[in-house]
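Participant: Need a 3D model of the following:
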Amino acid sequence: MSESFYERLGVLPSATPDQIRRAYLQLARVHHPDFHTDEVARQANEREMQSINEAWAVLGDPERRRAHDEIMRLTIDDSASVGVTTPGRYDFVPYDDGDDEIDFRLLDDVGVEGTHVERSLQMAPILCLLGGIVGVVLGVIVNLPFLIAVGIVGLVLAALGFLAAPFVALSRSLRAEREQ
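Facilitator: Residues are numbered from 1 along each chain as shown. Purely as a prediction, here's the structure:
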């Protein structure tokens with residue numbers, strides 16, 4: 001798509017539905033083929049009117065407009081967006097309870113896959129943290145240096161796990177982007 005539907009109608013992406021409707025009607029009055037008697041001008045305006053109608057069909061429907069905006073946001077050329085802040089992608093799920101009811105339909109429609117991190121990787125740092133705390137507390141209570149050492153190892157593993165989990169998700173996300 002070389003130009004967006006907004007450019008075809010001559011409005012900004014932030015235009016209200018009423019502004020889009022007025023722009024469509026104005027362009028339709030100018031380019032409608034019935035208002036042109038010359039055959040060459042009539043054919044050119046007929047093609048222009050088809051383009052205008054296509055843009056109106058998408059932007060005039062709130063659901064189709066939202067889908068168009070999402071596709072345009074995800075397919076924006078990176079070289080054109082240097083220095084421009086764009087919204088983040090929402091394909092990372094920080095905790096997956098194993099329920100397959102997670103809805104990735106919108107992202108799948110535009111070709112973006114979600115980042116799936118296994119439940120064991122999500123829960124391991126938490127379990128190490130809890131085990132480390134329990135080990136240190138029990139080791140201090142019963143005065144067992146070995147149990148205190150095991151608890152400290154658990155706390156260190158938990159810290160490493162909390163630091164490593166975002167890198168695992170990021171690397172999977174980057175790999176999924178490269179495969180697309």
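
Participant: Any stretches of this protein with poor pLDDT?
Facilitator: Along the chain, segments meeting pLDDT under 70 span 1-3, 76-117, 180.

Participant: In it, what residue spans correspond to strands?
Facilitator: Per DSSP state E, the chain carries no strands over any range.

Participant: Could you chop it up by domain?
Facilitator: The chain breaks down into these domains under automatic domain parsing: 5-74, 105-179.

Participant: List the buried residues in the helix ranked longest in the chain.
Facilitator: Ranked by residue count and defined by DSSP state H, the top helix of the chain is helix 145-179. Residues of helix 145-179 classed as buried by neighbour count (16 or more other CB atoms under 10 Å): 147-148, 150-151, 154-155, 157-158, 161, 165, 169, 172-173. The way it works is simple: take the backbone N, C-alpha and C, and place the C-beta from them, glycine included.

Participant: from memory residue 55 sits against residue 5, does it?
Facilitator: Yes - the criterion here is CB atoms under 8 Å, and residue 55 meets it with residue 5 at 3.8 Å.

Participant: Which residue, neighbours along the chain excluded, lies closest to residue 157?
Facilitator: Of all residues not flanking residue 157 in the chain, residue 128 sits nearest, at 4.4 Å (CB to CB, 6 or more residues apart in numbering).
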